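In: No sequence on hand, only this structure:
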């Protein structure tokens, strides 16, 4: 190559590098482009950092940003009447996938799916029981099985033979499933156990965002002799966990994610959490969507118990053995949760 051509080539390469360095990164204004993958998330009533349900789903979306460069964004819902408007914000901006979080937003999700057939929707805790909608994946979990394991653990730990559950509203089937599984698992482990289960009395707009009620309800159960408290209800349940942490010798069990990582205030009592593995399930569905293999219909995510962390020495080998027996029985159907 002549020196003149080499000089021209060098100038071209430098210019290309400068252009690449200065070229703006893709953002959601580029969502209509075929090579840009955009994901929007609409929370249930509550905040994105609820340390539980909404946060777990959002972390699954963030994995898509990290692993394959998705453009991601979210809208927090403060009032249920805004569900559809919040969904439309993303649909009208040509987002490829919209993740909607929670049972309560399910109807709005299906309505939006009919209005925007080219958009793929992931409905967390929104089972499709009335027929498959091709552009909606209903991400569901066997909360009763996870709750059953939490009940086995609680009944194994109790010294007073009284345990408690502080729950979100019974208007949401997954919450009811957690309760039924917890109670059944506790009795399976210890037929003499008493379970104090309390649902939040409010509606969907407040039942998961009321840590003060959660704390008060947990305190009442502890004063009635409960020494293990299961908190299952977003920030409401978090309030129960944190309250229990102030009672020496009492144990607590979290929900949805490994709350050891998200509610450090509960460390003094937090033995484990009844997990719905929302984060990996959301990410898996987003990966399928990106690859053109989006599965309409119900998609079953995994459940289980979180590690015992600082309480490894408290959970006896007998409890560990019974948990494994329960897990296998639930898996092969020889044990029923009663739900």
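Out: On my side now, so go ahead. Because the structure is a prediction, the values reported are computed rather than measured.

In: use CA for all of it now, contacts and neighbours both
Out: Fine.

In: quick one: buried residues of stretch 156-173?
Out: Across stretch 156-173, burial judged by 16 or more other Cα atoms under 10 Å covers 156-159, 161-171.

In: Next, the distance between the ends of that stretch.
Out: 26 Å (Cα to Cα, to the nearest Å).

In: dump the residue contacts of residue 194.
Out: Each residue near residue 194 by Cα atoms under 8 Å, 6 or more residues apart in numbering is listed here: 161, 162, 163.

In: for residue 46, that is, sorry about that
Out: Here residue 46 is in contact with 54, 76, 77, 78, 208, 209 (Cα under 8 Å, 6+ apart).

In: Can you report how many residues lie near the fourth one?
Out: The burial metric for residue 78, expressed as a neighbour count using other Cα atoms under 10 Å, is 14.

In: which residues sit in contact with residue 83?
Out: Residue 83 sits next to 42, 77, 105, 108 when contact means Cα under 8 Å, 6+ apart.

In: Flag every buried residue along whichever helix or strand it is part of.
Out: Residue 83 is part of helix 83-91 when elements are defined by DSSP states H and E. Within helix 83-91, the residues scored as buried using 16+ other Cα under 10 Å are 83, 84, 86, 87, 88, 90, 91.

In: Same check on stretch 65-82?
Out: Residues of stretch 65-82 classed as buried: 65, 70, 71, 72, 73, 74, 75, 76, 77 (neighbour count, 16+ other Cα under 10 Å).

In: Strands - which of those land there?
Out: Among these, DSSP state E puts 71, 72, 73, 74, 75, 76, 77 in strands.

In: For the last one, give me the pLDDT.
Out: So the one you mean is residue 77. As predicted, residue 77 sits at a pLDDT of 92.

In: nearest residue to it other than its sequence neighbours?
Out: residue 45 (4.9 Å; Cα to Cα, 6 or more residues apart in numbering).

In: Scan the contacts of residue 83 and report the most crowded one.
Out: Using other Cα under 10 Å as the neighbour test, the contacts of residue 83 are led by residue 42, with 27 neighbours.

In: Next one: it relative to residue 197, how far apart?
Out: Distance from residue 42 to residue 197, by Cα to Cα: 30 Å.

In: before we move on, what about residue 101?
Out: Remark: distance between residue 101 and residue 197 (Cα to Cα) = 25 Å.

In: And the two? Which one has more around it.
Out: A direct count of neighbours by other Cα under 10 Å for residue 101 and residue 197 places residue 101 higher, at 26 against 19.

In: Which residues are in contact with that one?
Out: Counting by Cα under 8 Å, 6+ apart, residue 101 has contacts 41, 42, 43, 44, 53, 54, 57, 123, 124, 125.

In: Name the nearest of those residues relative to residue 242.
Out: Among the contacts of residue 101, residue 53 lies closest to residue 242 (Cα to Cα), at 17.2 Å.

In: The closest one is in contact with residue 234, isn't it?
Out: Yes: here residue 53 reaches residue 234: they are 6.4 Å apart, a contact under Cα atoms under 8 Å.

In: sorry, back to before: in TSV, list the ones in strands among the buried residues of stretch 65-82 along with distance to residue 271.
Out: Below are these laid out as TSV (distance: Cα to Cα, whole Å):
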residue	distance to residue 271
71	37
72	34
73	33
74	32
75	33
76	30
77	31
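
In: Quick check: the farthest pair among the residues you listed?
Out: 71 and 77 (20.2 Å).

In: list the contacts for the residue most central in space within the chain?
Out: Nearest to the mean C-alpha position of the chain, by Cα atoms, centre = their mean, lies residue 53 at 3.7 Å. When contacts are counted by Cα under 8 Å, 6+ apart, residue 53 touches 101, 234, 256, 257, 278.

In: what separates the second one from residue 262, distance-wise?
Out: Using Cα to Cα, we find residue 234 at a distance of 12 Å from residue 262.

In: Pull up the overlap in contacts between those two.
Out: Residues touching both residue 234 and residue 262 by Cα under 8 Å, 6+ apart: 51, 52.

In: For the two, indicate the residue with more neighbours.
Out: residue 234 (27 against 15).

In: That one against residue 51, yeah?
Out: Yes: if you go by Cα under 8 Å, residue 234 and residue 51 touch, sitting 7.5 Å apart.

In: Spatially, which residue comes closest to residue 90, not counting chain neighbours?
Out: Residue 90's closest residue in space is residue 40 (Cα to Cα, 6+ apart), at 6.1 Å.
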